[in-house]
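Trainee: My questions are about this predicted structure, shown below with the sequence.
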There are 2 protein chains.
Amino acid sequence: MDTKEKISHSDKKVPDDSRCPMTDFINIVSGKWAIPTLYRLIITDDIIRFGSLQRGIGGITQKELTKQLRTFESLGIVSRQEYPEMPPRVEYRITELGKTLKPTLDSLAQWMTEHRDELLANSRNNAS
Amino acid sequence: MDTKEKISHSDKKVPDDSRCPMTDFINIVSGKWAIPTLYRLIITDDIIRFGSLQRGIGGITQKELTKQLRTFESLGIVSRQEYPEMPPRVEYRITELGKTLKPTLDSLAQWMTEHRDELLANSRNNAS
DNA sequence: CTCTTTAGTATCCATTTGGAACCTACTGTT
DNA sequence: AACAGTAGGTTCCAAATGGATACTAAAGAG
């Protein structure tokens, strides 16, 4: 079958800005360890070393924490200060840009907190 | 090496409610087609049939749309009305619960819109 | 001389996610 | 008789994600 996109008569057009800000936002904070890492950095609100961050998050491997921190760093959400010592010392810190995420993340949390019971009730009913 | 979790002296304790509302929220709206699907349903704000929804989203396969709709349905975010006709007819619609997501999603979009330029500038600088 | 510490890399492997292409059922149309 | 249209289900496959483990460098402690 061909994959021609047939637009039916009843399909209403909708403004389609292909770079969707919601999707872009979700891409930043999705991934198994993004929120735990970000949360730790935000509530610490101070320099924190790699090892301490890893223990604070709990369960994250070095590989994943490094990858997540690199991502956040490239976005300017966290800063990274490396000291040329041995054993190595690297200090991470949430940036001002990173801190601006807090109110938005709080609103996510608030929605979830407000609707958790309803969601659970629905899930139970539909799990026939 | 053993995997004992050694808590160092400098690790400040943080309230660790293991069911994190932020993570739970993100789990609902992550996945490649969650936001596009939800967005279509919210702005339509009316009944919409499977095929029309699929064409409206654009690029999503039947399999993925079905899976996403089942997920939303089980959470009570969308409703599904099936008519025993041939050819089949199924009408989807955003629920009242689903609509309450809009302000929160708007706040995501707003953060992204406000900070997109800064994020892009950071990415370019760090892409050495 | 060996062990420990730190912040990573590198490898391998298992799981998850998502896309392409097929199939169905029943009716209406040509 | 063949084909289109709808809302999926099913199978196979490729890519992305994530976990476990081993390895590194250089200094200090015992």
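Mentor: Noted; the coordinates are in hand. Residues are numbered from 1 along each chain as shown, chains lettered A, B, ... in the order given.
Trainee: Tell me the buried residues in whatever helix or strand A:Leu105 lives in?
Mentor: Assessed by DSSP states H and E, A:Leu105 sits inside helix A:101-126. Across helix A:101-126, burial judged by 16 or more other C-beta atoms under 10 Å in any protein chain shown covers A:Leu101, A:Thr104, A:Leu105, A:Ser107, A:Leu108, A:Ala109, A:Trp111, A:Met112, A:His115, A:Leu119, A:Asn122. In this view, the C-beta of every residue, glycine as well, is placed from N, C-alpha and C.
Trainee: Do any residues in that helix lie close to DNA strand D?
Mentor: No. Applying C-beta under 7 Å from any atom of the strand, one finds helix A:101-126 separated from DNA strand D by no less than 13.7 Å.
Trainee: Please list the residues of chain A that sit near DNA strand D.
Mentor: With C-beta under 7 Å from any atom of the strand as the criterion, chain A meets DNA strand D at residues A:6, A:8, A:31-33, A:59-64, A:86-88.
Trainee: Kindly confirm my reading that A:Arg93 is in a helix.
Mentor: No. Remark: A:Arg93 does not belong to a helix; assigned using DSSP: H, G, I helix; E, B strand; the rest coil, it is strand.
Trainee: Run through the bridge partners of it.
Mentor: Taking DSSP bridges as the rule, A:Arg93 bridges to A:Ser79.
Trainee: tally of neighbours for it?
Mentor: A:Arg93 has 15 neighbouring residues, counting by other C-beta atoms under 10 Å in any protein chain shown.
Trainee: Hmm, it is touching A:Val78, no?
Mentor: Yes. Counting by C-beta atoms under 8 Å, A:Arg93 touches A:Val78, with 6.6 Å between them.
Trainee: Now list whatever residues contact both of the two.
Mentor: A:Leu41 (C-beta atoms under 8 Å, 6 or more residues apart in numbering or on different chains).
Trainee: before we move on, the earlier item: out of the residues of chain A next to DNA strand D, which are close to DNA strand C?
Mentor: A:Gln62, A:Lys63, A:Met86, A:Pro87, A:Pro88.
Trainee: In helices, which of those appear?
Mentor: A:Gln62, A:Lys63 (DSSP state H).
Trainee: Lowest-confidence entry in the ones next to DNA strand C among the residues of chain A next to DNA strand D?
Mentor: Across those, no position has a lower pLDDT than A:Met86, which has 86.
Trainee: Need the three-state assignment for A:Gln81.
Mentor: strand.
Trainee: First-to-last residue distance for stretch A:52-65?
Mentor: 12 Å (C-alpha to C-alpha, to the nearest Å).
Trainee: That stretch and chain B, any residue contact?
Mentor: Yes. Applying C-beta under 8 Å from any C-beta of the partner chain, one finds stretch A:52-65 touching chain B at A:Ser52, A:Arg55, A:Gly56, A:Gly58.
Trainee: And the residues you listed, which of them are buried?
Mentor: A:Ser52, A:Arg55, A:Gly56.
Trainee: quick one: which of those is nearest to B:Leu38?
Mentor: Closest approach between those and B:Leu38, by C-beta to C-beta: A:Gly56, at 32.6 Å.
Trainee: Quick check: chain neighbours aside, which residue is closest to the closest one?
Mentor: With C-beta to C-beta, 6 or more residues apart in numbering or on different chains as the criterion, A:Gly56 has its nearest non-adjacent residue at 4.9 Å, and that residue is A:Arg40.
Trainee: what stretches of chain A score poorly on pLDDT?
Mentor: For chain A, the stretches with pLDDT under 70 are A:1-10, A:12-18, A:127-128.
Trainee: A:Leu65 in helix, strand or coil?
Mentor: Reduced to three states by three-state DSSP, A:Leu65 is helix.
Trainee: looking at it, A:Ser52 is touching A:Tyr92, isn't it?
Mentor: No. If you go by C-beta under 8 Å, A:Ser52 and A:Tyr92 don't touch, sitting 9.3 Å apart.
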